[in-house]
Structure formats: C-alpha cells, structure tokens
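Peer 1: Task: produce atomic coordinates for the following.
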Amino acid sequence: MWGKLLGTFFGFLFGRWIGAILGFYLGHLFDRSLKQDFDKVGGFQGFIKGEDLHERQALFFSSCFAVMGHIAKSNGRVSEIHIQAATAFMDEMGLKGDERKEAQNAFKSGKSAEFSIKEAVKEFKEAFARRYDLRQLFLEIQIQMAFCDGHLSDQEKTLLRQVSKALGFADTHFTFLLKRYQAEFEFRRHRHSQQQRQHQSSGERQRTPANNGLTKNQALAVLGLEGGASERDIKKAYRKLMAQHHPDKLVSQGLPSHMMEVAKRKSQEIQSAYEFLKRAS
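Peer 2: From the prediction side, this is the model:
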C-alpha cells in the first residue's frame, strides 16, 4: 500500500498526472514484490525462531506418521506392503533409536479407534497456515503411502480427499497432485527397470537406450503437464515444482531435517523428468 501511495505522490510532483499514474504502477509492483518476499518467510511468523521452529518440526513429524498410519488402516487392516512402505520411509529418513520409536508410536496412534484425523489435520493446518509448500508436501507424503501398493482403494481415496480439503486445497488441486504422483510412480518404476537392464548387460558392454520404456507423456505428467505442452510451459512447471520442493527452504519453514531426503528425492524425480524432456525435444 505504501509503495502505491508514495509512488503516486512523487510521480505527481515530478510529472503531474502522467507521473502520478506511472508512480502508482511502479508502487504497485513494489508492494507486490515486498508482499511475496514477506509471505515467503511466513509473514510475521517468519520472524519467530528457536522453540517455535522446533515445535513445528515436531508437529510435522508426529502428524505425518499418525495420519500415515490412519490411512494405512483405512481398508480395515494394515497390509504387509503398507508396513514395508512405512519402514522404508523411516529408513530413507535415517531414523534410529528414540526417533524411530517416536515415528512408530505415532504410526500406531493413527491406527487406533480413538484417533481423530479431523482434529489432527486441523491442528496441522493451523500451525502451517502460511506454509503452502509444506502443506502440499504433507499431502504428497500421504498419497505416497496410500499408493505404495500401486493403486488406491475407494476408502483411501476418500480419506485422502478429506485430508486435502482440511488442509485448504481445492478438489481440482487434489486431483492434480494425485495424477502427478501416479505419473511419478510409473516414471520411477520405468527408470528402475532400465537401471536393472543396464546393470545386467554391462558385462557384455551393452547399454539400454536412455529413453527405452519411457514416453514423453509420462515425463510431462510428472511435471503436471499434458501432451502438447510447449517448451515454455515445461520450463515454467519445472521451475515452480523445484521451488516448491527445495529442501533447504522447506526445512527452514518447519520440515524436520530428517525429512529433507524426501524433498531431495522429489526434486530428483522432477529433475529427471525435465532432463528426459530436454533429450526428447
């Protein structure tokens, strides 16, 4: 607001009404830039450090595993695949000792009949109200857990949609995230198969072509795009997703440091899809 007022005032002094209009426009750009920088650090909450940051990290950690456990139990019982996925997730984070026990206890609490997912997500939403990227990553982690066996049951999808809505996301954005993760899952599976074939044929000095088994549409879907996307669209989507999943930024906003590996992996998948599209162009 002050940028527009001062811009208009000084513009009028130096250029009368033409100057006032130009000053108002420049002031508007200044206000918008200032607000974006302010929001990026979390508004006034961004100035609160120390205890508050640790509390938010602890809440993210416990809420993540509790909701994860609740979703895993949504089909009536927790399958062996869901247990393996949760264990692999803890391994990826490097959790050991007391920290691993805390994650396991939170996961178990989410499975209990007394657990209220509505209250848990509400508390999380209030704590991270100004942290859009963290709320989105939280939802992506839950989608990953539900999709660990390669498909979503009706119960899992309904529960995920409820979590998404409670976090403040529109249903269209939930659908977007769901499609993007499904594409990421398939893209990762194809890349893993490629690496295995390359390893098996390495003794014969053969290499599987880099694009074998992968399609341009799959890579586009990882970036949230569809066929026909222009080079400009691809770059824009890539930069936006990389900014949303930047590990250092997310940790500074309240992501537990152990979960930095999750953000790194997502960034690597986005990077791989983008590199694939550059080679395919």
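
Peer 1: where does this protein have low pLDDT?
Peer 2: Scanning the chain for pLDDT under 70 picks out 1-51, 190-214.

Peer 1: Around residue 88, how many other residues sit close by?
Peer 2: For residue 88, the neighbour count with other Cβ atoms under 10 Å is 11. C-beta here means a position set from N, CA and C on the backbone, and glycine is covered the same way.

Peer 1: Where does it sit: helix, strand or coil?
Peer 2: helix (DSSP: H, G, I helix; E, B strand; the rest coil).

Peer 1: so who does residue 144 touch?
Peer 2: 85, 181 (Cβ atoms under 8 Å, 6 or more residues apart in numbering).

Peer 1: where exactly do the strands run in the stretch 151-281 of the chain?
Peer 2: Using DSSP state E, counting those that start in this stretch, no strands are found in the stretch 151-281 of the chain.

Peer 1: show me where it has helices.
Peer 2: 154-166, 171-201, 216-222, 231-244, 247-253, 260-280 (DSSP state H, counting those that start in this stretch).

Peer 1: quick one: buried residues of the fifth one?
Peer 2: Neighbour counts over helix 247-253 (16 or more other Cβ atoms under 10 Å) mark 247, 249, 250, 251, 253 as buried.

Peer 1: Export those residues as CSV, with columns for distance to residue 237.
Peer 2: Below are the buried residues of helix 247-253 laid out as CSV (distance: Cβ to Cβ, whole Å):
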residue, distance to residue 237
247, 19
249, 18
250, 19
251, 24
253, 22
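
Peer 1: Any idea which of the helices of the stretch 151-281 of the chain gets closest to residue 101?
Peer 2: With respect to residue 101, and counting by Cβ to Cβ, the nearest of these is helix 260-280 at 19.3 Å.

Peer 1: Show me what that closest one is packed against.
Peer 2: When contacts are defined as 3 or more Cβ pairs under 8 Å, 6 or more residues apart in numbering; DSSP states H and E, helix 260-280 packs onto helix 80-93, helix 132-146, helix 171-201, helix 216-222, helix 231-244, helix 247-253.

Peer 1: Need the ones you listed in a markdown table (columns: distance to residue 121).
Peer 2: Converted to a markdown table, the helices and strands packed on helix 260-280 look like this (distance: least, Cβ to Cβ, whole Å):
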| stretch | distance to residue 121 |
| --- | --- |
| helix 80-93 | 19 |
| helix 132-146 | 9 |
| helix 171-201 | 13 |
| helix 216-222 | 27 |
| helix 231-244 | 20 |
| helix 247-253 | 18 |
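
Peer 1: Could you say which of the ones you listed is packed most deeply?
Peer 2: Each of those was scored by mean neighbour count; the highest is helix 132-146, a mean of 21, by mean count of other Cβ atoms under 10 Å.

Peer 1: what about dumping the CA coordinates of it to PDB?
Peer 2: Output of helix 132-146 as PDB, limited to C-alpha atoms (Å, rounded to 0.1, in the frame of the first residue of the first chain):
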ATOM      1  CA  TYR A 132       1.600 -23.700   1.400                       C
ATOM      2  CA  ASP A 133       4.600 -25.800   0.200                       C
ATOM      3  CA  LEU A 134       4.800 -27.700   3.500                       C
ATOM      4  CA  ARG A 135       1.100 -28.500   3.500                       C
ATOM      5  CA  GLN A 136       1.400 -29.700  -0.100                       C
ATOM      6  CA  LEU A 137       4.400 -31.900   0.700                       C
ATOM      7  CA  PHE A 138       2.500 -33.300   3.700                       C
ATOM      8  CA  LEU A 139      -0.400 -34.300   1.400                       C
ATOM      9  CA  GLU A 140       2.100 -35.800  -1.200                       C
ATOM     10  CA  ILE A 141       3.600 -38.000   1.500                       C
ATOM     11  CA  GLN A 142       0.100 -39.300   2.400                       C
ATOM     12  CA  ILE A 143      -0.600 -40.000  -1.200                       C
ATOM     13  CA  GLN A 144       2.700 -41.800  -1.500                       C
ATOM     14  CA  MET A 145       1.800 -44.100   1.500                       C
ATOM     15  CA  ALA A 146      -1.700 -44.800   0.100                       C
END
